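K.L.:
Okay, predicted coordinates and the sequence, questions at the end:
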Amino acid sequence: MRVEVARYAGVCYGVERALKLAEEAAASGATVKTLGPLIHNPQAVTALRDKGVEVAACLDEAEDGTLVIRTHGVDPAIIESARDKGLNVVDATCPHVSKAHEAAEALRDAGYAIVIVGEADHPEVEGIMAHAGGEALVVGTAEELPERLPSRRIGVVVQTTQSLARLTEIVDALLPRTSDLRVANTICSATGKRQQSAEELAGRVDAMIVVGGRNSGNTARLVEVCKSVNPKVQHVETADELDPAWFEGVEVVGVTAGASTPEEQISGVIAAIEEM
Ligand code: SF4
């Protein structure tokens, strides 16, 4: 079987930066905890623990030392409370997520009612919501838009890992229902590039494997994008999950990976497929 890897796949700039910041903090000998798992990849989180980076589920679980804020960002009130507790805060919020925060604040200050395109229970969306003033509407699809919009002046901000197709669908639905619509396209370029190259590859191979954490939003979106052009798509976290039955009659397998998937996991999956 031949394996082809998507042109853009795996760890993005923001995740690389966050891992470096957390590892540097741990190397200085301080007690280091991340507020929630640093990235949505269980294997990478275990590897970080081995390097001395623990996970605090909430602020109460971080008593001293350094607290690392993950790529998804948080409500600014949390950073303030951490500093008030005397913690050394290392802010690893991805700069692309910070741009979404700034866009939400600007729209709020300009008096727009805010719609966030994203997953309501995703930590990144919770952070954007805080920057939007806590009263934004969160929708994942155009059908989720309410019958009555809160205003005729709507500002749209997008979770960085959403697809352009999803944003376009929601903007199209809002356009006839608003008199003033502002859209901040805060989808990050790493996400866009990974989705486009995954779709291009999935469209021309016999089967597609997507590698990444099951709790990773951007990996789930890659699965979605690949499924839109290829019925044989499987999502795995590690090589152990590969099932030979998936590859019956398959000559070329495409591989892609979410922005939080470390290189070792991708190469492990590729090696296992090649051995089948
Ligand atoms: S996917 Fe984009 S927004 Fe998310 S961490 Fe990576 S570079 Fe930042």
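P.N.:
Here it is on my side, so go on.

K.L.:
Do any residues in stretch 205-225 lie close to the ligand?
P.N.:
Yes: using C-beta under 6 Å from any ligand atom, we find that stretch 205-225 touches the ligand at residue 218. Any C-beta I mention is one placed from the backbone N, CA and C, and that applies to glycine too.

K.L.:
Now find how far off-centre that stretch is within its chain.
P.N.:
Distance, stretch centre to chain centre, for stretch 205-225: 12 Å (C-alpha atoms, centre = their mean, to the nearest Å).

K.L.:
All further residue positions should be reported with the first residue as 845.
P.N.:
That works, and once the first residue is 845, the last one we named lands at stretch 1049-1069.

K.L.:
Span of that stretch from start to end?
P.N.:
14 Å (C-alpha to C-alpha, to the nearest Å).

K.L.:
Run through the residues of the stretch 945-1094 of the chain sitting next to the ligand.
P.N.:
1004-1005, 1032, 1034-1035, 1062.

K.L.:
how about a markdown table for those, with distance to residue 854, secondary structure and pLDDT added?
P.N.:
Conversion of those to a markdown table gives the following (distance: C-beta to C-beta, whole Å; DSSP: H, G, I helix; E, B strand; the rest coil; pLDDT from 0 to 100):
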| residue | distance to residue 854 | secondary structure | pLDDT |
| --- | --- | --- | --- |
| 1004 | 17 | coil | 93 |
| 1005 | 14 | coil | 86 |
| 1032 | 15 | coil | 92 |
| 1034 | 10 | helix | 91 |
| 1035 | 13 | helix | 87 |
| 1062 | 11 | helix | 87 |
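
K.L.:
Of those residues, which is the most crowded?
P.N.:
Comparing those by number of neighbours (other C-beta atoms under 10 Å), residue 1005 comes first, having 30 neighbours.

K.L.:
Now the residue of the stretch 845-994 of the chain found nearest the ligand: which helix or strand?
P.N.:
Relative to the ligand, the nearest point of the stretch 845-994 of the chain is residue 858 (2.6 Å; C-beta to the nearest ligand atom). Using DSSP states H and E, residue 858 sits in helix 857-871.

K.L.:
Give the buried residues for that helix.
P.N.:
Of all the residues in helix 857-871, those buried under the rule 16 or more other C-beta atoms under 10 Å are 858-859, 862-863, 865-866, 869-870.

K.L.:
Next: stretch 1037-1051.
P.N.:
1037-1043, 1045-1046, 1049, 1051.

K.L.:
got the residue ranges for the strands in the stretch 895-1044 of the chain?
P.N.:
For the stretch 895-1044 of the chain, strands defined by DSSP state E, counting those that start in this stretch occupy the ranges 897-900, 910-913, 932-935, 957-961, 981-983, 997-1002, 1024-1028.

K.L.:
That'll do, ta.
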